[in-house]
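Enquirer: Predicted model follows, preceded by the sequence.
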Amino acid sequence: FTLDLNGKTVTMSETITNNGTLTVSGSSGTLTNGTISTITNSGTLTKSGASTISNTATETYYAISNEGSSTLENTTAAADGKYAINNSGTGKVTVKEGTVTANSWAIVSNSTANTTSAPGVKVTSGTVTSTASVGIYNGSTGMVYVTGGTITGSTYGIYNKNDTAGLITVTGGTITGTTQQGIRGHSGTVSISGSSTSITGSTYGVNVVGGTATITAGTITATGGPGAYVNGGTLTVGTNEATPSVSTTVPSITGSTYGVRVESGTFNFYDGVIKGKYESDTGYSISGAPSAVPTGYGIKKTHTETQETAVLAKYYTVTYNYSTNGGTSATKTTASVLQGTAVDLTPTATKSGWSFVGWNTSSTATTKLSSYTMPGSNATLYAIYSKKITATVYSYNNSSSTVSNTIYNTATSASLTLPTIENKTVSSVAYTGRGWSTSNTANATVNVASGGSVTLSANTTYYASYQASIEATFYYNSNTTSGSLTVSTAKASGT
């Protein structure tokens with residue numbers, strides 16, 4: 001039977017009951033009932049065209065009450081009273097384009113049909129809207145299967161009844177719970193995937209209480225609470241792979257308080273990014289620790305002034321190499337560090353007679369790293385050592401000074417330039433500097449010229465060596481003044 005509304009408004013006082021094949025068409029027009037349900041379908045119902053099936057009854061009646069198979073294509077099903085579509089038994093409702101609207105629940109499904117090939121409710125496109133309650137209510141063990149379209153409830157986008165094991169499978173589309181939750185999975189099973197999937201709630205984006213939820217793609221957001229909430233159930237974010245191929249962007253879960261809050265139950269984190277608030281030096285991306293992460297991975301958290309972000313990062317090994325530059329030990333020799341996090345630079349190393357400078361990725365460096373971020377591979381840090389070589393010099397009247405140079409790592413000697421020795425006059429005797437000697441005895445061997453350079457491997461003391469010319473006149477004749485005769489002049493030098 002085909003009913004072409006053809007722009008007409010048809011008001012029924014009785015229900016149209018279909019046990020066969022019924023098509024309601026028309027590019028405009030309205031089929032309505034204000035007393036009881038407009039259509040009861042146990043067969044095959046197809047609604048096409050832009051015309052409307054509506055119901056204005058204030059009791060528990062529907063625009064369409066379905067136990068068979070109902071397909072809505074580019075059409076409108078509206079209930080000004082309470083419910084737009086009721087689905088029960090093994091009924092199947094498919095929304096393709098068009099609009100389903102109601103003041104209360106837009107679609108109520110108590111169907112047991114629970115496979116993706118034949119679900120209780122399937123939305124591929126179009127709009128399902130409740131202006132005062134739930135977009136789609138799943139009250140039995142059946143499946144709500146969403147591949148596209150927009151589903152909006154003033155309280156919940158999609159709602160699983162508390163005591164049933166209903167299924168909610170989402171691979172695309174936009175789902176919004178304006179004042180409560182995007183998806184309330186409760187004790188059922190929720191599966192969310194699809195890169196274009198967007199789920200938004202106020203108190204929770206996705207809520208699991210006693211059931212399970214698996215999120216492998218899409219964007220989950222809560223504007224007034226946790227992005228995902230678990231109390232007694234199991235939440236799995238990402239895919240557990242034998243050989244992990246971890247994504248740090250998909251899926252994305254964001255909450256205005258916690259990103260993910262686990263009151264009790266199990267939280268498995270295998271892929272994605274989770275964001276929560278950050279305030280007073282405390283982050284709220286994840287409450288508690290996940291029950292499972294990929295092998296060899298951990299959670300890396302970063303933050304801005306207002307938001308903390310948690311992603312998975314792989315552990316790599318940093319080796320503290322103390323021996324290449326001659327050291328004998330270190331307070332730490334290896335550590336496992338998450339990629340992209342800060343490496344601990346506080347361990348120290350020991351080399352006899354040398355000072356420990358710090359750690360560097362270059363074994364020939366002469367400075368330490370002030371910070372180091374773990375790369376995406378194993379890394380080696382080398383201990384840097386220093387040693388100061390000092391020459392202490394003593395000059396006239398035991399005045400002293402030092403000259404030093406610092407060597408590093410495997411160096412064995414340092415080059416130093418000693419001062420220029422100043423000439424001195426003492427008791428009218430003029431002394432000139434001979435050079436620097438390691439001995440302070442008279443006529444000592446000069447080891448370094450005045451102002452000269454020397455290569456040292458250890459601290460050394462030098463003494464300034466001076467010389468003077470002294471002229472002596474000798475008298476004979478018993479040192480008398482008469483008949484005296486100068487017979488020779490001699491010169492001597494010393495220190």
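Expert: Happy to help now that I have it.
Enquirer: What about the closest residue to residue 140 other than its chain neighbours, how many residues nearby?
Expert: Leaving aside its sequence neighbours, residue 140 sits nearest to residue 110 (Cβ to Cβ, 6 or more residues apart in numbering; 4.4 Å). The way it works is simple: take the backbone N, C-alpha and C, and place the C-beta from them, glycine included. Taking other Cβ atoms under 10 Å as the neighbour definition, residue 110 ends up with a count of 20.
Enquirer: Residue 110 reaches residue 144, doesn't it?
Expert: No: the pair residue 110 / residue 144 is not scored as a contact, 11.7 Å apart, by Cβ atoms under 8 Å.
Enquirer: so what secondary structure elements neighbour the helix or strand hosting residue 315?
Expert: Residue 315 belongs to strand 307-321 when elements are defined using DSSP states H and E. On a contact count with 3 or more Cβ pairs under 8 Å, 6 or more residues apart in numbering; DSSP states H and E, strand 307-321 meets strand 273-279, strand 297-303, strand 334-338, strand 379-394.
Enquirer: So which of these is the most surrounded?
Expert: Using mean count of other Cβ atoms under 10 Å, the stretch among those with the greatest mean number of neighbours is strand 273-279 (a mean of 21).
Enquirer: Which of the residues in stretch 366-382 are classified as buried?
Expert: 372, 374, 379, 381-382 (16 or more other Cβ atoms under 10 Å).
Enquirer: Same check on stretch 16-24?
Expert: Buried, per 16+ other Cβ under 10 Å, within stretch 16-24: 16, 18, 22-24.
Enquirer: Equivalent analysis for stretch 315-325, please.
Expert: 316, 318, 320-322, 325.
Enquirer: And for stretch 92-112?
Expert: Going by 16+ other Cβ under 10 Å, stretch 92-112 has these buried residues: 92-112.
Enquirer: can you check stretch 408-419 too?
Expert: Of the residues in stretch 408-419, those buried (16+ other Cβ under 10 Å) are 408-409, 411, 414, 416, 418-419.
Enquirer: per-residue confidence for the nearest residue to residue 420 once chain neighbours are set aside?
Expert: The shortest distance from residue 420 to any non-neighbouring residue, by Cβ to Cβ, 6+ apart, is to residue 451 (3.8 Å). In this model, residue 451 is scored at 96, pLDDT.
Enquirer: Thought residue 403 was touching residue 451, still the case?
Expert: No: assessed by Cβ under 8 Å, residue 451 is found out of contact with residue 403, at 11.3 Å.
Enquirer: what touches both of these two?
Expert: In terms of Cβ atoms under 8 Å, 6 or more residues apart in numbering, residue 451 and residue 403 are both contacted by the residues 417-419.
Enquirer: any chance of those in TSV, plus distance to residue 438?
Expert: TSV is the format used below for the shared contacts of residue 451 and residue 403 (distance: Cβ to Cβ, whole Å):
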residue	distance to residue 438
417	17
418	12
419	16
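Enquirer: sorry, back to before: could you identify the most distant pair in the buried residues of stretch 366-382?
Expert: 374 and 382 (16.2 Å; Cβ to Cβ).
Enquirer: hang on, the earlier thing: pipe the helices and strands packed on strand 307-321 into TSV and attach mean pLDDT per row.
Expert: Shown next, in TSV, are those (pLDDT from 0 to 100):
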stretch	mean pLDDT
strand 273-279	97
strand 297-303	96
strand 334-338	98
strand 379-394	98
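Enquirer: Dump those strands to JSON lines, plus distance to residue 129.
Expert: Shown next, in JSON lines, are the helices and strands packed on strand 307-321 (distance: least, Cβ to Cβ, whole Å):
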{"stretch": "strand 273-279", "distance to residue 129": "28"}
{"stretch": "strand 297-303", "distance to residue 129": "37"}
{"stretch": "strand 334-338", "distance to residue 129": "44"}
{"stretch": "strand 379-394", "distance to residue 129": "55"}
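Enquirer: for those, which one sits closest to residue 345?
Expert: It's strand 379-394; of the helices and strands packed on strand 307-321, that one is closest to residue 345 (Cβ to Cβ) at 7.8 Å.
Enquirer: Next SSE downstream of the closest one?
Expert: strand 400-408.
Enquirer: to the chain's geometric centre, what's the distance from that following strand?
Expert: Strand 400-408 has its C-alpha centroid displaced from the chain centroid by 48 Å (Cα atoms, centre = their mean, to the nearest Å).
Enquirer: any idea of the angle that strand forms with strand 379-394?
Expert: 160 degrees (axes from the mean of the first three to the mean of the last three Cα atoms, to 10 degrees).
Enquirer: From residue 374, how far out is residue 316?
Expert: 6 Å (Cβ to Cβ, to the nearest Å).
Enquirer: try residue 251
Expert: 25 Å.
Enquirer: Kindly report the same for residue 191.
Expert: Residue 191 is 35 Å from residue 374, by Cβ to Cβ.
Enquirer: got a pLDDT number for residue 408?
Expert: The model's pLDDT for residue 408 equals 98.
Enquirer: Tell me how far it lies from residue 264.
Expert: 57 Å.
Enquirer: Next: residue 354.
Expert: In terms of Cβ to Cβ, residue 354 sits 56 Å off from residue 264.
Enquirer: Touching, residue 403 and residue 391? I think so.
Expert: Yes: if you go by Cβ under 8 Å, residue 403 and residue 391 touch, sitting 4.7 Å apart.
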